[in-house]
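**Q** next one to model:
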Amino acid sequence: LKSMAHSNIAHTVLVLSGKGGVGKSTISVQLALSLVAQGLKVGLLDVDLCGPSIPRMLGIEASVVHQSDAGWIPVQAAENLHVMSLAFLLTNREDAVVWRGPKKTSMIEQFISNVCWGQLDYLVVDTPPGTSDEHLTVVEKMALLNVDGAVLVTTPQEIAVADVRKEASFCKKTNLRILGIVENMSGFVC
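**A** As a prediction, this is how the structure comes out:
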């Protein structure tokens, strides 16, 4: 197995939003599962360090990440779906993650360089809300990979739309292509 920085990852998609609570993690999981349903090999990287929810959504919270000489071995959630999240590394998964920027940056760098994904068709990256240091770290460190672009997630509320506009501006400033926008929780009218 090779680390992410040297592995064969054909496509990388970031899931972003300027707002918390809009369903980025849900969209990330659904995107990954949709790709797996097409017979593709998929990695799902949860870099939402203060709210790592991907393992819970997939029912793999009790799983443990193993260490090899080459780095961390991600958890197999299903056939052709492997997951890496800070949630797997916490001693008590109910504890809050209270870290300053440099420690978050270091953990993200480790996720990007020390995870042994092997060969993947897609890597889906679930990010925290905002346009902060964590996002800059992800975009800068993933420059070595084939990053196809970002899927932006919003809800119909004005404040969420305003925040996703800021995320779109972030994408423009960092030369990150916007692949699409998902308006989550938009309701249904009969």
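
**Q** now tell me which helix or strand of the chain has the poorest mean pLDDT.
**A** For the chain, counting by mean pLDDT, DSSP states H and E, helix 133-141 ranks last in confidence among helices and strands (a mean of 79).

**Q** any chance you could map the strands in this protein?
**A** 9-16, 42-46, 66-68, 71-73, 75-78, 81-85, 120-126, 147-154, 178-183 (DSSP state E).

**Q** which other residues reach the longest helix along the chain?
**A** In the chain, with assignment by DSSP state H, the single longest helix is helix 158-173. Applying Cβ atoms under 8 Å, 6 or more residues apart in numbering, the external contacts of helix 158-173 come out as 16-19, 22, 129, 131, 135, 149-150, 152-155, 176-178, 181. Glycine gets a C-beta too; all of them are placed from N, C-alpha and C.

**Q** quick check on the residues you listed: which are buried?
**A** Buried members of the contacts of helix 158-173, counted by 16 or more other Cβ atoms under 10 Å: 16-19, 22, 129, 131, 135, 149-150, 152-155, 176, 181.

**Q** ok so, going back, run the chain-centre distance for the longest helix of the chain.
**A** 18 Å (Cα atoms, centre = their mean, to the nearest Å).

**Q** then stretch 174-181?
**A** On the basis of Cα atoms, centre = their mean, stretch 174-181 sits 15 Å off its chain's mean C-alpha point.

**Q** that stretch: end-to-end distance?
**A** Terminal residues of stretch 174-181 lie 17 Å apart, using Cα to Cα, to the nearest Å.

**Q** what is the rounded mean pLDDT of that stretch?
**A** What stretch 174-181 shows for mean pLDDT is 93.

**Q** contacts made by that stretch with the rest, please.
**A** 13-14, 136, 139, 147-154, 164, 168, 170-171.

**Q** looking at these, spot the one nearest Gln76.
**A** Nearest to Gln76 among these, counting by Cβ to Cβ, is Val13 at 20.1 Å.

**Q** please name the bridge partners of that closest one.
**A** Note on Val13: beta-bridge partners Val124, Gly149, judged by DSSP bridges.
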